[in-house]
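In: Fold the following, please.
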Amino acid sequence: MKKNKTALFITLIGCLVFLLYLIPNVRGIRDEHMLSILSQDESIQYPYLVHMLTPGANVLGTIKNFVSYQHYYYGYLFYLISALVVLPVRLLAGSQFGSLTQVNLLLLRQMVSVLPAIAAAGVFTWLQTRFRSAWKSALLFVFLLLVPAVLLNNLWFWHPDGLVLLGVALSLFFLDRDGYKLGRNFYLAALFCGMTAALKVIGFFFFLAILIYLLLALRHRKLTLQQLLRPALIFLLIVVVVFVLLNPLLLVPHTRAQMLKVQQEQNYFVTHGWEDEDTY
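Out: This next block holds a predicted model:
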């Protein structure tokens, strides 16, 4: 009962934080011109999302627009979730929905950036406190939400990092539930690992946590390497299958080449910097 009350308390704080973010996130997005001046990343991404929800000449063309999202810096799952968030606006406003920048970007900022970050903080808090103490849980929850990187990601920023953070949190949650049994929860963790990598390639860096977990399972359960190999390979298979299913364009050779080229260029810029200092 006490844990349920703590969970409710944390949920209420999360709802309050979500509502508070509405105040700044509704600003700076009155129209696409204002968006281009005040938010560079969002202004680049937004036309691609509008294109996804633009009908083609026929049913096949409409499906092609929805699947071929063209902005290969992030995984298709990010744009798919974003498209589903603004789909009600598309259905209500029709072909003019793209001009409703303020409504669309507010929804995207709140539902794709803010909400997943709050949910992830809740999962991390539970993993640490098990909600045994309401005040300790609340303090940790608020502390996590006040981490500067979290604040910056939630302000004026429609971006996949909140979803990636939630994917990592859920992966850890199911690993915790698994308790080195290497059973169903272990494979559910693999599912969320695959989803995290499908959102943004940074998700692949989570493999080190899995490696450590397997080594701990080897020690705690006194398994042989042969006994460990089967669940480890199944885990890897689930991650790969989920990653490909959530990025179906990888199955198209021409598009796959484009995606790899974009990621290679992005890797260069991230490690060497941008020549144009005005870009970032």
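
In: roughly how far apart are residue 90 and residue 44?
Out: Residue 90 sits 20 Å away from residue 44, going by CB to CB, to the nearest Å. All C-beta atoms are positioned from the backbone trio N, CA, C, and that covers glycine.

In: Those two: which has the busier surroundings?
Out: Neighbours per residue (other CB atoms under 10 Å) separate residue 90 from residue 44, with residue 90 holding more: 20 against 13.

In: residue contacts, the more buried one?
Out: 53, 97 (CB atoms under 8 Å, 6 or more residues apart in numbering).

In: average model confidence for the helix or strand where it lies?
Out: Following DSSP states H and E, one finds residue 90 within helix 76-93. Summarised as a single mean, pLDDT over helix 76-93 is 96.

In: Tell me which helix or strand comes right after it.
Out: helix 101-108.

In: gap between that next one and the chain center?
Out: Remark: helix 101-108 is offset 18 Å from the chain centroid, using CA atoms, centre = their mean, to the nearest Å.

In: so what does whatever helix or strand comes next after it touch, helix or strand wise?
Out: Once the chain leaves helix 101-108, the next helix or strand it forms, by DSSP H and E, is helix 115-129. Under the contact criterion of 3 or more CB pairs under 8 Å, 6 or more residues apart in numbering; DSSP states H and E, helix 115-129 touches helix 2-25, helix 134-145, helix 148-154, helix 161-178.

In: Deepest in the core, which of those is it.
Out: Counting by mean count of other CB atoms under 10 Å, helix 161-178 has the highest mean neighbour count of the helices and strands packed on helix 115-129, with a mean of 22.

In: Dump it to PDB, keeping only the CA atoms.
Out: Extracted in PDB, the C-alpha atoms of helix 161-178 (Å, rounded to 0.1, in the frame of the first residue of the first chain):
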ATOM      1  CA  ASP A 161      17.000  11.600 -26.700                       C
ATOM      2  CA  GLY A 162      14.100  11.400 -24.300                       C
ATOM      3  CA  LEU A 163      12.900   8.200 -26.000                       C
ATOM      4  CA  VAL A 164      16.400   6.800 -26.000                       C
ATOM      5  CA  LEU A 165      16.600   7.500 -22.300                       C
ATOM      6  CA  LEU A 166      13.300   5.700 -21.700                       C
ATOM      7  CA  GLY A 167      14.500   2.700 -23.700                       C
ATOM      8  CA  VAL A 168      17.600   2.400 -21.600                       C
ATOM      9  CA  ALA A 169      15.600   2.700 -18.400                       C
ATOM     10  CA  LEU A 170      13.200   0.000 -19.500                       C
ATOM     11  CA  SER A 171      16.100  -2.200 -20.500                       C
ATOM     12  CA  LEU A 172      17.600  -1.900 -17.000                       C
ATOM     13  CA  PHE A 173      14.100  -2.400 -15.500                       C
ATOM     14  CA  PHE A 174      13.700  -5.800 -17.200                       C
ATOM     15  CA  LEU A 175      17.300  -6.800 -16.500                       C
ATOM     16  CA  ASP A 176      16.600  -6.000 -12.800                       C
ATOM     17  CA  ARG A 177      13.500  -8.200 -12.900                       C
ATOM     18  CA  ASP A 178      15.400 -11.000 -14.600                       C
END
